[in-house]
Structure formats: structure tokens, C-alpha cells
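Q: Give me a 3D structure for the following:
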Amino acid sequence: MIRKNGRTARRLRKLARPFYSPDYADNLGVLLPLKHPLITPGIAREIYFGDYEKKEATIVSRRLEANDVVMEVGAGIGFLSAFCAKQIGSDRVFAYDANPALAEVVAQTYAANNVHPAFRTAMLGKGAGKTRFFVEQEFWASSANHDSGKAQAIEVDQIDLNEEIARIRPTFMIVDIEGGEGDLFALADLSSVSKICVETHASVIGNDGITNMLTTLFQQGFCLDLGVIQKYVLYLYRLQGNRAP
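A: As a prediction, this is how the structure comes out:
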């Protein structure tokens, strides 16, 4: 028997790839688009082989519970928000991305999976208004914090982070914002949050930036879950009584 995501299945997909060009690929039960101008060959390869945001998805699949309210900051093409919506319902999932070009791809992902999380094209920060964002050729490298020298600087909407947190009262935050994680958690009111999945970017903010981010979270009562760490993607939880959520 061939396991769906096993080594043999991967080899077969590799052999078939030159002759088979599907519109979508299944990643943990979520159909993701392969044919869109923003899906570069490198990103398409990750999606085709089921490696796109696999580390985050592995953590979320193990720690997401039916009563969670998810706030995803840095939604990309909508994979994790679609995955969460399929598990706990669209009305419990809120996703944000600053790159306005991704809204069309997110809508395509949601439609293919018959889910409808709340999605907004905006940066989350201190106060509402406009802010600068650097768009890279490969969308997953775009950032408010890092300009590679090849990025296009654009002006995007910013909504107030803590006003949005107060509005939706998330319990589970998923964060992948290319180095913006340090500033985000230093600013955020995390009183409703008991779970955090965050991709860290030491190449952007340095090991000291990651250390400062973790110190901020530890001081607010969060613990690292060493059992589910996936390389640079960390999971932290806040103890509830005498148990971990």
C-alpha cells in the first residue's frame, strides 16, 4: 500500500511531473493553485510535492482544537487559513496579508476548498493608516522589514493590531511575516491568546531579535513546546491551570 505522503508517492509524483500539469495540488486535504502568475516555479514545486508551509501545517494540525479562534498574520495564498477553516469552521478563522496582489490567489484557494474565512488585505501594526511594504518577486519573501534591493516598495493599508485582536479575541495566532514577528509580539495584547505558531527569521532580525521576541513571550507566561518545533517554526503555549492547551 502506498501512503499518500510517503516516499514512494513522492517518487511517483516526481516521475509524473514532466507529463502531468494539474491546476491544483492537495496539501493536507487543501487544494492549492499551481497555475497563477504569482505562483513561481519554485513555489509551484513546493506546492506540488506537498512541502508548502509544511512545518507550520504540521504544528497546526497537532494543536488546533474545535474551540479555537485563529488569527493568521501573513496569510500568503491562504493555505493555513483554509486548512483551519476546514477543521473548525470558516467563522472562527481570520487571516491577513499586506500584499494586495495575493487577494486574488487567496480567493481562488478558498473557492477551491469551499471555505470562507474572513480575509483582509492589510498590515497589522500600531495605529491605522498607511505604511510601506516591500514586494519581492517570490511573494513569500515580501516584508515590511527587509528590502532585498530587488523589491518593489508599495504603500498599503495598516489596521490597528490591538483593535483587531480585541474585535476577534483570537486564541491561536499563526504568524509568518518575514522578520516582523519581533515587533508584532512586542506590540500585541495577547491576553486572549493561548497558542502561537510563528516562523522565525534570524536572517532578517538576527538571533538577538529572536531572543528578544521569545523573552517577550516568556514574560507573558508562554512556554516553548519542544515536542513540535519544526526547525525555524516554533510553537508556544500558555499554561491553562495545570495543563497545556
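Q: For the longest helix anywhere in the chain, name the packing helices and strands.
A: When the chain is parsed with DSSP state H, its longest helix is helix 202-219. With contacts taken as 3 or more CB pairs under 8 Å, 6 or more residues apart in numbering; DSSP states H and E, helix 202-219 sits against helix 181-187. (Each C-beta comes from the backbone N, C-alpha and C, glycine too.)
Q: Which elements pack onto the next helix or strand after the helix it packs on?
A: Remark: after helix 181-187, the chain's next helix or strand is strand 195-199, criterion DSSP states H and E. Applying 3+ CB pairs under 8 Å, 6+ apart, one finds that strand 195-199 contacts helix 54-63, strand 172-175, helix 181-187, strand 233-238.
Q: so which of the ones you listed comes closest to A112?
A: For A112, the closest of the helices and strands packed on strand 195-199 is helix 54-63, at 16.5 Å, according to CB to CB.
Q: what's in contact with that closest one?
A: By CB atoms under 8 Å, 6 or more residues apart in numbering, the residues outside helix 54-63 that reach it are 27-28, 79-80, 83-84, 172, 174, 176, 195, 197, 199, 225, 228, 230-233, 235, 237, 245.
Q: now do stretch 102-109
A: Outside stretch 102-109, the residues within contact range by CB under 8 Å, 6+ apart are 30-33, 36, 38-39, 75-79, 81-82, 95, 97, 119, 121, 139.
Q: which strand of this structure spans the most residues?
A: Across the chain, the longest stretch assigned as strand under DSSP state E is strand 152-160.
Q: That one pairs with which strands, and in what direction?
A: When pairs are called by DSSP bridges, strand 152-160 turns out to pair with strand 123-125 (parallel), strand 129-135 (antiparallel).
Q: buried sites along that strand?
A: By neighbour count on 16 or more other CB atoms under 10 Å, the buried set for strand 152-160 is 156, 158-160.
Q: Please save the CA atoms from it in CSV.
A: Output in CSV follows, covering the C-alpha atoms of strand 152-160 (Å, rounded to 0.1, in the frame of the first residue of the first chain):
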residue,chain,number,x,y,z
GLN,A,152,9.1,47.0,-5.2
ALA,A,153,8.1,49.4,-2.4
ILE,A,154,4.4,50.0,-2.2
GLU,A,155,2.0,51.7,0.2
VAL,A,156,-0.5,49.5,1.9
ASP,A,157,-3.3,49.9,4.4
GLN,A,158,-2.5,49.4,8.1
ILE,A,159,-5.1,48.5,10.7
ASP,A,160,-4.5,48.7,14.4
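Q: Just name the most buried of the helices and strands packed on strand 195-199.
A: strand 172-175 (a mean of 25; mean count of other CB atoms under 10 Å).
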